[in-house]
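Asks: Build the 3D model from these lines:
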Amino acid sequence: MRQDILEGNYFSTTLGKVVPYHSQEIITIILIGEETGTLHSSLIQAMEMIEKKKKLKQTITSAFIYPAIIVVGTIALTCFLLLYIFPKIKTLIVSLKVPLPWTTKVLLSISQGIEKYGIIILFVAFGVIILFYLLIRKNERAKTLKDSFVITLPVIGNIIKKYQAGIIFRNSGLAMKSGMTLDGSLLVLSQTIKNTVYQKNVRQIQNNISHGYSISETFSHSKNLYPGFAIELIASGEIAGTLPAVFIHIADEYTEDIQVMMKRFSQLLEPILMIIMGLMVGFVSLSIISPLYALTQNIR
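Replies: Numbers count the residues shown, from 1 in each chain. You can find the predicted model right below:
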């Protein structure tokens with residue numbers, strides 16, 4: 001890094017070479033500081049943003065720890081019953097001279113399919129995942145379709161919207177406080193935003209503002225991407241001349257909303273996963289026990 005800076009490169013450019021150790025939002029703040037001659041204050045702002053991102057990450061992690069344990073436990077227990085216990089008694093079940101319940105027939109079909117095609121299914125699934133990942137990375141249209149789809153998902157889509165919008169508002173607000181114009185800050189932001197939907201939207205907003213459209217009017221055209229009362233607050237800030245403070249306030253509100261939504265999402269997800277776990281384990285257990293119970297009834 002020192003050598004790059006001595007060679008005349010921007011600090012933000014040098015820092016960008018060590019991503020993902022530093023996020024794109026942090027690099028944007030530093031780039032804005034370099035452009036406006038306020039690098040010292042931008043570094044302080046970057047440090048504050050790192051702290052906020054750390055707290056948000058902790059909230060998200062804690063919200064998903066218990067659901068993740070439930071999912072892993074369910075998959076592990078189901079695989080244990082299906083791949084270890086069931087094969088040991090499968091021959092006995094097949095040899096029974098009793099009608100098999102539909103649950104046992106389904107389980108037998110799944111077990112036979114895994115025995116015959118398990119490795120093939122595994123390789124195909126792995127190949128599809130790799131292909132999808134490469135397609136998203138290399139194909140701009142595929143990435144746009146993925147980003148467009150994700151933001152339409154219930155709950156998760158709204159969280160992503162508020163996260164992406166929060167980045168835009170916070171960085172724009174900090175840039176304007178440092179003396180940069182809004183269209184200038186949006187131009188910088190459009191080069192670092194990863195979500196293609198918001199990247200195109202920011203470019204459109206920047207283009208409209210540079211052509212004389214009002215800020216609130218421009219943002220109102222994309223109201224679906226900026227949830228809550230953001231557009232109304234922008235209009236108030238534009239009239240009062242307090243847009244930088246309003247933008248930062250909106251970003252703070254979005255961060256708090258994300259934390260609350262993650263907690264609620266986790267609370268909603270836990271009982272749903274518990275029900276799914278009970279159904280899966282119950283289905284496998286019932287499929288194993290039912291024919292054995294029928295056999296004992298016939299013996300009596």
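Asks: thinking Gly166 is in contact with Phe247, fair?
Replies: No - the criterion here is Cβ atoms under 8 Å, and Gly166 misses it with Phe247 at 9.9 Å. Heads up, the C-betas are built off the backbone N, CA and C, glycines and all.
Asks: In this protein, where is pLDDT below threshold?
Replies: Along the chain, the model assigns pLDDT under 70 to residues 1-13, 16-25, 94, 96-98, 294-300.
Asks: could you pull out the strands for it?
Replies: Under the criterion DSSP state E, the chain carries no strands.
Asks: so how far is Lys105 from the closest residue in space to Ile93 that isn't next to it in sequence?
Replies: Using Cβ to Cβ, 6 or more residues apart in numbering and skipping the chain neighbours, the partner closest in space to Ile93 is Pro291 (4.9 Å). Look at Pro291 and Lys105: by Cβ to Cβ, to the nearest Å, they are 10 Å apart.
Asks: The two: which is more packed in?
Replies: Neighbours were counted for Pro291 and for Lys105 using other Cβ atoms under 10 Å; Pro291 has more, 21 against 13.
Asks: tell me, how many neighbours does the residue nearest to Lys146 when sequence neighbours are not counted end up with?
Replies: Excluding the flanking residues, the one nearest Lys146 by Cβ to Cβ, 6+ apart is Ile136, at 5.5 Å. The tally of other residues near Ile136 (other Cβ under 10 Å) stands at 15.
Asks: cool, Ser222 as well?
Replies: Residues near Ser222, counting by other Cβ under 10 Å: 17.
Asks: Thought Asn201 was touching it, still the case?
Replies: Yes - between Ser222 and Asn201 there is a contact at 5.2 Å, judged by Cβ under 8 Å.
Asks: if I look at the residue nearest to Ile93, how far off is Val202?
Replies: 62 Å.
Asks: longest helix anywhere in the protein?
Replies: Scanning the chain for the helix with the most residues, using DSSP state H, yields helix 243-299.
Asks: what about that helix, distance to the chain center?
Replies: Centroid separation between helix 243-299 and its chain, computed with Cα atoms, centre = their mean, to the nearest Å, is 17 Å.
Asks: Equivalent analysis for stretch 127-137, please.
Replies: Worked out by Cα atoms, centre = their mean, stretch 127-137 lies 17 Å from the chain centre.
Asks: neighbouring contacts of that stretch?
Replies: Residues outside stretch 127-137 that contact it (Cβ atoms under 8 Å, 6 or more residues apart in numbering): 142-143, 146.
Asks: go on, stretch 70-81?
Replies: Stretch 70-81 is contacted from outside by 270, 273-274, 276-277, 280-281, 284-285, 288, using Cβ under 8 Å, 6+ apart.
Asks: Any chance of those in CSV with neighbour count and distance to Ser178 as columns?
Replies: Shown next, in CSV, are the contacts of stretch 70-81 (neighbours: other Cβ atoms under 10 Å; distance: Cβ to Cβ, whole Å):
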residue, neighbour count, distance to Ser178
Glu270, 14, 44
Leu273, 18, 46
Met274, 13, 50
Ile276, 13, 50
Met277, 17, 51
Met280, 16, 54
Val281, 15, 57
Val284, 21, 60
Ser285, 14, 63
Ile288, 21, 67
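Asks: Is it possible to get a markdown table of those residues that adds distance to Lys90?
Replies: Shown next, in a markdown table, are these (distance: Cβ to Cβ, whole Å):
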| residue | distance to Lys90 |
| --- | --- |
| Glu270 | 34 |
| Leu273 | 29 |
| Met274 | 29 |
| Ile276 | 25 |
| Met277 | 24 |
| Met280 | 19 |
| Val281 | 18 |
| Val284 | 13 |
| Ser285 | 15 |
| Ile288 | 9 |
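Asks: and which of those is nearest Val197?
Replies: Leu273 (29.4 Å; Cβ to Cβ).
Asks: count of residues packed around the closest residue to Ile193 other than its chain neighbours?
Replies: Excluding the flanking residues, the one nearest Ile193 by Cβ to Cβ, 6+ apart is Gln199, at 4.4 Å. Neighbourhood size, Gln199 [other Cβ under 10 Å]: 18.
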